[in-house]
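# What shape does this take:
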Amino acid sequence: MTNLTRLPPNLNLIEVPEGDFDKAITSVVLSINLRRLGCSGRTTVSLKYPAEAKDKFLSLYRISPNVPLEFAVNEIVRLMQRALMCFDLLPIDVNDGLLCDRTFSALKQYIAQFSLQAPEESEEGTQYNRVLAHLFSSVQAARHMLHVLGHITPKDPYQDVTAFRKSIIAFEESHNVEPTGFITGILLSKLFFMAFRENTALIKTKNPKIDEQTGTDQNQNNPFYSIQKKKKKAKPTVDLEQYIAITSIDRLRYLWTGTGKTFVETDEPGHVEVGKEGNVHIGKHIKRATNLVVSFQLTFFFE
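Below you'll find the predicted structure:
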């Protein structure tokens, strides 16, 4: 047993009731994530239910109150980690839903890489809602452009990052670009340019063809016609409300609407399976992270 008087004073000591680490770690991760997402200010990490931080989190990130708090916080961090993988800012095995130093550093690199405005500061902490809006919308923009250019790509790039990267490589190889399989600002610009340049003439010649029975424009089945109608899907945005209105990613839509299907992590890195509609307890999805003590200077002691 470590002598507590010998521990550095800057360590945050958390008492684990009955020595049940597996039960306590879920609450610890929740507390850490809320703090780093700018929802709990300078409140120390603890096992208490974060009632005030919950209200701030739901409001700031527009999360549906129908989604369990523990799942919502863990899921948004997981999606953040998967998105950062697509930019070569995180390795594919860092996807435990913990906003650790490594993930936090990758997020800061993303902000610098795209010259985004510094996140807003408040009494609750640094708020990353605008950064996440840009991150998520950039992934969707890349996926959308690849799709309309005829490349096979998963509807949900977060569900299978490996398959999504393969579609990026296919585009790069088809345009004599050194294949990396990662999204960059240059790649986004090239995708946007190619999609609109190569098909401007085609789109202009497509006059509306109204189906007499349904009253719909038959040209809407053409992907390049569709992209003109849905340009917002092809452009990154820092406006979270705007992105929520146009997102087609089921995992994100569940967080923001509280309806649809949840997703359960598998043992295979970069892949998830669709689960039944309803709650998913995050405790079983969080690994025993041995770097937790190192990254956040946390020390657990048992009764």
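# now for the helix or strand containing residue 253, which elements pack on it?
Assigned by DSSP states H and E, residue 253 belongs to helix 250-257. Other helices and strands packing on helix 250-257, by 3 or more C-beta pairs under 8 Å, 6 or more residues apart in numbering; DSSP states H and E, are helix 69-86, strand 263-265. For the C-beta atoms, the positions are set from N, CA and C on the backbone; glycine is no exception.
# Determine how far the last residue of stretch 141-159 lies from the first.
16 Å (C-alpha to C-alpha, to the nearest Å).
# Figure out how far that stretch is from the centre of its chain.
When C-alpha coordinates are averaged (C-alpha atoms, centre = their mean, to the nearest Å), stretch 141-159 and its chain have centres 16 Å apart.
# Also stretch 3-15?
In terms of C-alpha atoms, centre = their mean, the centre of stretch 3-15 is found 34 Å from the chain centre.
# Now it: buried residues?
residue 14 (16 or more other C-beta atoms under 10 Å).
# and what of stretch 135-149?
Result for stretch 135-149 [16+ other C-beta under 10 Å]: buried residues 135-149.
# Would you mind listing the outside residues contacting that stretch?
Applying C-beta atoms under 8 Å, 6 or more residues apart in numbering, the contact partners of stretch 135-149 are 79-80, 83-84, 86, 107, 110, 114, 153-154, 157-158, 164, 167-168, 171, 183, 187-188, 191-192, 194-195, 223-224, 226-227, 230, 233-237, 243, 247-249, 252.
# Now the buried members of these.
For the contacts of stretch 135-149, buried by 16+ other C-beta under 10 Å: 79-80, 83-84, 86, 107, 110, 114, 153-154, 157-158, 164, 167-168, 171, 183, 187-188, 191-192, 194-195, 224, 226-227, 233-237, 243, 247, 249, 252.
# Tell me which entries of the residues you listed lie within helices.
Per DSSP state H, helices hold the following members of the buried ones among the contacts of stretch 135-149: 79-80, 83-84, 86, 107, 110, 164, 167-168, 171, 187-188, 191-192, 194-195, 224, 226-227, 243, 252.
# just the strands in the stretch 1-150 of the chain please.
12-16, 120-122, 125-127 (DSSP state E, counting those that start in this stretch).
# possible to save the ones you listed as JSON lines with distance to residue 4 and mean pLDDT?
What follows is these, written out as JSON lines (distance: least, C-beta to C-beta, whole Å; pLDDT from 0 to 100):
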{"stretch": "strand 12-16", "distance to residue 4": "7", "mean pLDDT": "73"}
{"stretch": "strand 120-122", "distance to residue 4": "34", "mean pLDDT": "72"}
{"stretch": "strand 125-127", "distance to residue 4": "28", "mean pLDDT": "78"}
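# Same list as before, these that is, but in CSV and with distance to residue 57 included.
What follows is the strands of the stretch 1-150 of the chain, written out as CSV (distance: least, C-beta to C-beta, whole Å):
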stretch, distance to residue 57
strand 12-16, 20
strand 120-122, 13
strand 125-127, 10
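# I'd like to know which of those strands is closest to residue 37.
The closest of the strands of the stretch 1-150 of the chain to residue 37 is strand 125-127. By C-beta to C-beta, the value is 7.7 Å.
# buried set for stretch 39-47?
Residues 39-40, 43, 45, 47 are the ones in stretch 39-47 that count as buried (16+ other C-beta under 10 Å).
# any idea of the mean pLDDT for the helix ranked longest in the chain?
The single longest helix within the chain, with elements called by DSSP H, is helix 129-148. What helix 129-148 shows for mean pLDDT is 94.
# do stretch 102-116 as well
94.
# CA-only coordinates of stretch 245-260, as PDB, when you get a sec.
C-alpha atoms of stretch 245-260 as PDB (Å, rounded to 0.1, in the frame of the first residue of the first chain):
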ATOM      1  CA  ALA A 245     -29.600  19.700 -40.100                       C
ATOM      2  CA  ILE A 246     -27.800  18.000 -43.000                       C
ATOM      3  CA  THR A 247     -25.900  15.100 -41.500                       C
ATOM      4  CA  SER A 248     -26.600  11.700 -42.900                       C
ATOM      5  CA  ILE A 249     -24.500   9.800 -40.400                       C
ATOM      6  CA  ASP A 250     -26.700   7.500 -38.300                       C
ATOM      7  CA  ARG A 251     -24.500   7.500 -35.200                       C
ATOM      8  CA  LEU A 252     -24.600  11.300 -35.000                       C
ATOM      9  CA  ARG A 253     -28.200  11.500 -35.800                       C
ATOM     10  CA  TYR A 254     -29.000   9.200 -32.900                       C
ATOM     11  CA  LEU A 255     -27.100  11.500 -30.500                       C
ATOM     12  CA  TRP A 256     -29.000  14.600 -31.800                       C
ATOM     13  CA  THR A 257     -32.500  13.100 -32.200                       C
ATOM     14  CA  GLY A 258     -32.500  10.300 -29.700                       C
ATOM     15  CA  THR A 259     -34.100   8.000 -32.300                       C
ATOM     16  CA  GLY A 260     -32.700   5.300 -34.600                       C
END
